[in-house]
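# curious how this folds, go ahead:
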Amino acid sequence: MRKHTFIREKSLSRHNCRYKEVDWFEYSEEEQQAVRMARSTRARASPPKIKNLNDSNSRRNYRWLFHNNFGAGDFMITLTFKKVTCKQQSQREFRNFVKRVRRLYERKGAVLKYLYVYEGKCAGTRPHYHVVFNTAPGISSDEIVKLWRLGYTNTRVLQPDDSGLCEAMCEYLAKEQKHASKYERSWNGSANLKRPDEVTDDNAVSRKRMRKLQDAARNDEVKRYLERIYIGWIVLSAEVGTNEVTGRPFAHIRMIRRERYGHYIKLYKAVKGKSPPNSLKSHSSGG
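All right, here's what the predicted structure looks like:
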């Protein structure tokens with residue numbers, strides 16, 4: 001029996017977020033039903049496949065948190081231990097350091113936000129943390145590094161690239177995830193970070209739209225085609241291809257919100273004669 005398939009749109013997004021990532025992929029009703037089955041009845045994926053998927057999802061979540069919570073002018077501080085310690089001891093010392101930094105922010109009437117990556121699993125690598133801190137009035141990076149009493153520090157100020165994001169720094173910090181163990185995450189952050197919702201929509205993308213995207217990829221017109229669909233967004237990158245395992249089409253899209261979004265709302269109204277749908281907000285309903 002031929003499986004009934006459809007195109008699913010799955011995104012890491014949130015209302016008024018600055019950056020988001022979207023996946024289009026072919027899915028079937030049978031697969032949807034299998035997900036609802038008890039875990040013991042499902043086919044088990046191989047460990048390398050699980051590890052690769054976990055790493056990919058982890059880096060994706062890290063990018064979302066980085067770009068939607070921090071930007072140009074924020075601090076990236078590297079904290080290196082003078083004496084080599086185990087991971088448990090370094091985590092304890094790092095938590096104590098964060099408590100001191102939080103008290104500094106509170107004294108200045110500010111709220112601390114941070115996102116960090118731990119490095120030190122590779123042989124010959126001295127344990128250290130890369131931490132991104134939000135800037136706040138009256139707080140300098142020098143005041144923060146003085147609170148680190150266990151080794152060396154290096155400070156950088158985040159600088160945007162041509163896209164308006166600090167992509168180079170984000171990708172540099174996310175690289176450590178490949179050294180993480182199965183189910184392990186190399187990064188974490190403060191509880192008050194803006195966090196994404198995983199939004200799934202089985203009605204937003206038609207088969208026709210997926211075919212048009214594949215045609216656009218062959219003609220090097222992906223960016224132009226997608227920006228007609230996601231009004232108010234600039235496409236940073238788009239990977240369009242065929243899954244090697246299933247043989248089905250897929251697309252992975254990374255986008256940043258246009259600064260002049262209000263202009264695109266007016267444009268949408270002029271073309272469609274109505275406001276964008278609230279559920280999608282910047283996702284047009286045209287083909």
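
# for the stretch 151-287 of the chain, what spans make up the strands?
Along the stretch 151-287 of the chain, counting by DSSP state E, counting those that start in this stretch, strands occupy 151-157, 187-189, 197-201, 233-242, 249-257.

# can I get these in TSV including mean pLDDT?
Converted to TSV, those look like this (pLDDT from 0 to 100):
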stretch	mean pLDDT
strand 151-157	93
strand 187-189	91
strand 197-201	92
strand 233-242	94
strand 249-257	94
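
# how about those in TSV, adding distance to E143?
Bear in mind the C-beta positions are built from the backbone N, C-alpha and C, glycine included. Converted to TSV, these look like this (distance: least, Cβ to Cβ, whole Å):
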stretch	distance to E143
strand 151-157	11
strand 187-189	21
strand 197-201	35
strand 233-242	34
strand 249-257	32
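
# I'd like to know which of those strands lies nearest to Y62.
strand 187-189 (5.3 Å; Cβ to Cβ).

# that older thread, TSV for the strands of the stretch 151-287 of the chain, including mean neighbour count and distance to K113?
Conversion of those to TSV gives the following (neighbours: other Cβ atoms under 10 Å; distance: least, Cβ to Cβ, whole Å):
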stretch	mean neighbour count	distance to K113
strand 151-157	14	16
strand 187-189	18	8
strand 197-201	12	19
strand 233-242	16	23
strand 249-257	20	20
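
# out of those strands, the one nearest D215 is which?
Among these, strand 233-242 sits nearest to D215 (Cβ to Cβ), with 9.9 Å.

# the closest one packs against which elements?
Contacts defined by 3 or more Cβ pairs under 8 Å, 6 or more residues apart in numbering; DSSP states H and E place strand 233-242 against helix 207-218, helix 222-229, strand 249-257.

# partner strands of the last one and their direction?
Just to be clear, that refers to strand 249-257. Paired neighbours of strand 249-257 in the sheet (DSSP bridges): strand 19-28 (antiparallel), strand 233-242 (antiparallel).

# list of residues touching the last one?
For strand 233-242, the external contacting residues (Cβ atoms under 8 Å, 6 or more residues apart in numbering) are 20, 163, 165, 167, 213-214, 216-217, 222-223, 226-227, 248-258, 282.

# do the same with the first one
Among residues not part of strand 19-28, those counted as contacts by Cβ under 8 Å, 6+ apart are 3-14, 60, 63-64, 67-68, 165, 196, 202, 205, 210, 213, 230, 233, 243, 246, 248-257.

# could you turn the buried ones of those into a ChimeraX selection?
Selection of buried members from the contacts of strand 19-28 for ChimeraX, criterion 16 or more other Cβ atoms under 10 Å:
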select :5,7,8,9,10,11,12,13,60,63,64,67,68,165,196,205,210,213,230,233,249,250,251,252,253,254,255,256,257
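
# ok, E21 to Y62 distance?
With distances taken as Cβ to Cβ, to the nearest Å, E21 is found 11 Å from Y62.

# flag the shaky bits of the stretch 151-287 of the chain, pLDDT-wise.
Where the stretch 151-287 of the chain drops to pLDDT under 70, the residues are 176-185, 260-287.
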